[in-house]
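Engineer: what follows is a protein structure lacking sequence information:
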C-alpha cells in the first residue's frame, strides 16, 4: 500500500520496463519483515490447524464452499491467505513474482499443512507458468492490483486460467482509497493521486506496513490505480460475467492512520463519518 509511514511520492515517472524491477527489489526486502511479524501471524498457522487469515475469514460468507475446487491464488506473497484457502478444502496453487516470498510460503505449508503448490512467476506470465485453463477459481487478495500497470492484460490472464464456468474472486482496496492522500493533520481526506489507470506513481519509503526494526534499503515502489469502470470493462471484454460486487467501509490496515479504529477481525474503519469513503470491495465474476 502507498499508505505506509513515511511514504512519499518521488515526483518522477519511472518507465514501464522498470516497474517490475523496482517493485521486485522492494518486495524481496519486505518478505523477512512480514514473515517475522505478528500481524501475519505465521506461528498461529503452525500451532492451530484450523486457523484462517483475517482476510479470508472476512469473505467466508461470499466465498462459498470451495471443497475440492482447483484454486490459484495470484500474487500470493508469503502464503497466509493461500494456506487458508487450502484449509477450506480446495486444491490450491500460489503464484508470486518474489522467490523470497515463495520460499516462506512453501516452508509454512510444509510446517503447518495442508499442502499447497507454489510457483515463482510474474502474474502476467501466469498462463504459461500454470498451463492455462486448469482452475475452477482464481483468487486475488487485497493489495494486489495496485502493483499491476495494465488491468486489461490482468483480466486476460484471469480468463486464460479459468475453466469454462470458473470464477474470479477478488477483494481489493477501493480505487478511491488508493487515490486518497496520507492522513492530514486537520483530519480531512484529500484526493491526491490518480483514480484512473495511468503510467504509475512512484513512491519512496524505508518502511513497510508492519511494525519492524531497521529500514528497507530498496525504498522505491511504483503504484498503479484502476477505476472500477476499467476493472469491470476489462472483465466484460474477456467474456466474464460479474456475479457479485460489494463495497465495504473497512480495510485490513490503518490506511488513514489515526483517523481509523479497529472494528474487529483485523478490519479498520474511519472514526468520523465512515460513509464518506469506500475502503475496499469484493467482486466475483464467472467465465462463460
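Structural biologist: Nice, I can see it. Just so you know, these numbers come straight off a predicted model, no measurement behind them. Numbers count the residues shown, from 1 in each chain.
Engineer: distance from the centroid: which residue in this structure tops it?
Structural biologist: Distance from the centre of the chain peaks at residue 186, with 29.7 Å (Cα atoms, centre = their mean).
Engineer: name the element that residue belongs to?
Structural biologist: Assessed by DSSP states H and E, residue 186 sits outside every helix and strand.
Engineer: do you know how far it is from residue 269?
Structural biologist: Distance from residue 186 to residue 269, counting by Cβ to Cβ, to the nearest Å: 20 Å. Bear in mind the C-beta positions are built from the backbone N, C-alpha and C, glycine included.
Engineer: quick one: the helices in the stretch 51-200 of the chain?
Structural biologist: Counting by DSSP state H, counting those that start in this stretch, the stretch 51-200 of the chain has helices at residues 54-58, 60-63, 80-87, 99-112, 126-129, 151-161, 175-179.
Engineer: so which elements touch the longest one?
Structural biologist: Of the remaining helices and strands, those touching helix 99-112 by 3 or more Cβ pairs under 8 Å, 6 or more residues apart in numbering; DSSP states H and E are helix 16-35, helix 42-47, helix 80-87, strand 91-96, strand 117-120.
Engineer: 6 Å - rerun?
Structural biologist: helix 16-35, helix 42-47, strand 117-120 (3 or more Cβ pairs under 6 Å, 6 or more residues apart in numbering; DSSP states H and E).
Engineer: what comes up buried for that helix?
Structural biologist: Within helix 99-112, the residues scored as buried using 16 or more other Cβ atoms under 10 Å are 100, 101, 102, 104, 105, 106, 108, 109, 112.
Engineer: got CSV for those, with pLDDT and distance to residue 128 too?
Structural biologist: Formatted as CSV, the buried residues of helix 99-112 follow (pLDDT from 0 to 100; distance: Cβ to Cβ, whole Å):
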residue, pLDDT, distance to residue 128
100, 97, 22
101, 98, 20
102, 98, 17
104, 98, 24
105, 98, 21
106, 98, 21
108, 98, 26
109, 98, 23
112, 97, 30
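Engineer: just give the nearest non-adjacent residue to residue 196, would you?
Structural biologist: With Cβ to Cβ, 6 or more residues apart in numbering as the criterion, residue 196 has its nearest non-adjacent residue at 4.8 Å, and that residue is residue 227.
Engineer: retrieve the pLDDT associated with the one you found.
Structural biologist: pLDDT, residue 227: 98.
Engineer: my guess is it meets residue 194, correct?
Structural biologist: No: look at residue 227 against residue 194 with Cβ atoms under 6 Å: they stay out of range, at 9.0 Å.
Engineer: need the overlap of contacts for those two.
Structural biologist: Here residue 227 and residue 194 have no joint contacts, going by Cβ atoms under 6 Å, 6 or more residues apart in numbering.
Engineer: hmm, back to that, okay, the buried residues of helix 99-112 in JSON lines with distance to residue 50 next?
Structural biologist: Below are the buried residues of helix 99-112 laid out as JSON lines (distance: Cβ to Cβ, whole Å):
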{"residue": "100", "distance to residue 50": "28"}
{"residue": "101", "distance to residue 50": "24"}
{"residue": "102", "distance to residue 50": "24"}
{"residue": "104", "distance to residue 50": "21"}
{"residue": "105", "distance to residue 50": "19"}
{"residue": "106", "distance to residue 50": "21"}
{"residue": "108", "distance to residue 50": "15"}
{"residue": "109", "distance to residue 50": "16"}
{"residue": "112", "distance to residue 50": "11"}
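Engineer: can you give me how far stretch 21-33 is from the chain middle?
Structural biologist: The chain centre lies 15 Å from the centre of stretch 21-33; the measure is Cα atoms, centre = their mean, to the nearest Å.
Engineer: residues of that stretch that come out buried?
Structural biologist: Buried-residue list, stretch 21-33, by 16+ other Cβ under 10 Å: 22, 23, 25, 26, 27, 28, 29, 30, 31, 33.
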